[in-house]
Structure formats: C-alpha cells, structure tokens
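1. Sequence and predicted model, in that order:
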Amino acid sequence: NAGVTQTPKFRVLKTGQSMTLLCAQDMNHEYMYWYRQDPGMGLRLIHYSVGEGTTAKGEVPDGYNVSRLKKQNFLLGLESAAPSQTSVYFCASTSLRRLSPSLRHFGPGTRLTVL
Amino acid sequence: EDKVVQSPLSLVVHEGDTVTLNCSYEVTNFRSLLWYKQEKKAPTFLFMLTSSGIEKKSGRLSSILDKKELFSILNITATQTGDSAIYLCAVDRSAGGTSYGKLTFGQGTILTVHP
C-alpha cells in the first residue's frame, strides 16, 4: 500500500494563477481531509469529505474548493491564488469503521509558494 | 469558538535535559486529546488521551490529561538531538454523536535539542 500520496510535492505560483492539489489514498478510507500549516499556527482544517460525492467546509475554507468524485481521491483547488495561500498543505484520511484519530493517515505534504 | 493553546511556542535545551510541553483547551463536547511529533514532514502520532489522571508512556515520553483543568502535558526525559521537532497537540470533539474525525490543533511547540 502506498498509503496517502500528494501531488505535487512543491509548486510556485504567481498571484492569480490557479492550480489543483491531488490527494490519493489506497486504503479504501471514507473520510478525507485537507489541512494547511503555517508557521506558529499548527494545522488548520480547510475542507473535508465523509464520502464520495460529499464535501464540507472546515475552519479556513475561503479561497479553496474541493471535489471528491472518486472515493480514493480528494482534490483541493485554488481558483485565483493569493500570497496568503503560501503554506504547506497536508491531506489525511481515516476509515469510517476505525474513526479513532490515532489512526489518521497523513500525506507527505505539498509546499506551495504564491508570489 | 474551540481553542487549543500550546506553550511554550519554542524551547531550546541541551541533551539530557527534561522538558515539559503544555497544552490547554477550550472545546465543546471534548472526546480526546492527541499529541503528535512533526519532523519536516507529516505529523506522526504519539499519544491519545481520553481519561484524566492516566499517564500514557512510551520510552522517554509520557503524557497526562487533566479534564477538570482542561490541559495536558507532554514530558520528555533525557532529551536527545533526535527529539528536535515540532510537537503538536490536537483535540477531537463530538458533535451530536458525530464529529467526522475533525481535529482542532494547537500552534505547536518547536523543540530544539543541542548536543
């Protein structure tokens, strides 16, 4: 099993450009999450999904959109990137049947810089 | 609004020292508190605490929860340079019986251990 993978690992954007971050998991997990991490801020939840075709807003959803068309993939989109979206983005997944947070699987992260 | 606050925000010690990291929280419908270690990549799980006064221990690391005073501490004894990392505290809460595994994270404590 590859676990949780994220694509790309690094990206530099100019203000106003758009991009999509891909999170993929091969563990058949129902729940998936997107977090961002900024210095001194811990991890903050952007959006999450409890199953294929469903998404919901987290703490800091503004400026982002998500889609979960397939159970194994959770996409995070930036329609018009802003410097405030410079951050490290982490995806995570967990099983509905084993919802203990101690069993959360995190991806390796995507470092995004917006100039 | 749910809140998780860690202190100190950064700490520099020498090998062999003992450190205590603090995490206080104000959340509704508390379910569990988690500690993670993060070394330039995704967070790795350390402990999950659900009951007051019961110490969790793993090698030189230990943690305890006080649900009356709403805080937890993470102790590291005989620190080593490999303990240098960001230590994150997070709280899981239930909302109407379902929290969807959303976690609220603290800001993190940056620990630096010098040889």
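-> Sure, I can see it.
2. What pLDDT does the model give A:Gly58?
-> Looking at A:Gly58, its pLDDT stands at 92.
3. Same question for the one 5 residues further on.
-> Among the per-residue scores, A:Gly63 holds a pLDDT of 96.
4. give me every residue that touches it.
-> A:Leu78, A:Glu79, A:Ser80, A:Ala82, A:Ser84, A:Gln85 (Cβ atoms under 8 Å, 6 or more residues apart in numbering or on different chains). Every C-beta, even on glycine, is put in place using the N, C-alpha and C of the backbone.
5. For burial, what's the neighbour tally of B:Phe30?
-> 17 (other Cβ atoms under 10 Å in any protein chain shown).
6. what's near enough to touch it?
-> Shown in contact with B:Phe30 (Cβ under 8 Å, 6+ apart): B:Lys67, B:Val91, B:Arg93.
7. and if you look at B:Tyr25?
-> B:Asp2, B:Lys3, B:Val4, B:Val5, B:Leu33, B:Leu70, B:Phe71, B:Ser72, B:Cys89, B:Val91, B:Thr104, B:Gly106.
8. Isn't A:Pro83 up against A:Val114?
-> Yes: contact criterion Cβ atoms under 8 Å: A:Pro83 and A:Val114 qualify, at 5.0 Å.
9. Contact residues of chain B facing chain A?
-> Residues of chain B lying near chain A by Cβ under 8 Å from any Cβ of the partner chain: B:4, B:6, B:9, B:32, B:34, B:41-43, B:45, B:48, B:88, B:90, B:92, B:100-108.
10. Any of those residues buried? List them.
-> With neighbours counted using 16 or more other Cβ atoms under 10 Å in any protein chain shown, the residues of chain B next to chain A contain these buried positions: B:4, B:6, B:32, B:34, B:42-43, B:45, B:48, B:88, B:90, B:92, B:100-108.
11. Mind checking which of the residues you listed land in strands?
-> Counting by DSSP state E, those place B:Val4, B:Gln6, B:Ser32, B:Leu34, B:Phe45, B:Met48, B:Leu88, B:Ala90, B:Asp92, B:Leu103, B:Thr104, B:Phe105 in strands.
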